[in-house]
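S.K.: Sequence and computational prediction follow.
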Amino acid sequence: MSESVKIRPAIRDDLPFLWEMLFEAAAVNAQIREMGIEKALALPAIFHILNNFGKRGDFGFVAESADKELIGAIWARFYPEEDKGYGFVSAEIPELAIAVVPEFRGHGVGEKLLERLIRAAIDSNFPGLSLSVDRNNPAVRLYERFGFADAGISDRNDSSVTMVLWL
């Protein structure tokens, strides 16, 4: 499967798909999923993640299947201290979000997306990348394989953990 997946830069026309992928990324618990996509994406903490995407410093990629179906997305953005997200480490480190269409999970799509985003961050000389993930999400193992580690800023009792990859 992953051999036939193409990773390309996200463009403005991909924004509706990015919003769909944001719902997939955010709806890791039943409560958010039960709200439905419109209500969940309207929550300020979720809306914030993609609102006004495309401003200076934002970058991302989408995964396409062999027949050009969009099957996953990853993006990263810089947030200022006064408008930080769940995975915020510093204003100099972009925070990423990633999701894969459910039917395509477990086939290496997320791995290919993460590889491409990390390569772009290295090429841009960013000091690192950060993210927030539910501690019970199987994706934690994927992030750890790529070198992400607990940033040491999350409360151990929180359901999510902020992770950082130093580049």
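M.R.: Received the coordinates, thanks.
S.K.: list the buried ones in stretch 156-167?
M.R.: Neighbour-count burial for stretch 156-167 flags 160, 161, 162, 163, 164, 165 (criterion: 16 or more other C-beta atoms under 10 Å). For the C-beta atoms, the positions are set from N, CA and C on the backbone; glycine is no exception.
S.K.: Strands of this structure, residue ranges please.
M.R.: Along the chain, counting by DSSP state E, strands occupy 6-9, 59-64, 70-77, 95-100, 128-134, 149-150, 160-166.
S.K.: Let me know the angle separating the third one from strand 128-134.
M.R.: This points to strand 70-77. 120 degrees (axes from the mean of the first three to the mean of the last three C-alpha atoms, to 10 degrees).
S.K.: residue ranges with poor pLDDT in this structure?
M.R.: 1-2 (pLDDT under 70).
S.K.: Now for the closest residue to residue 75 other than its chain neighbours, how many residues are close by?
M.R.: Residue nearest to residue 75 in three dimensions, not counting chain neighbours: residue 60, with 2.9 Å by C-beta to C-beta, 6 or more residues apart in numbering. Residues near residue 60, counting by other C-beta atoms under 10 Å, number 25.
S.K.: Thanks a lot, see you next time.
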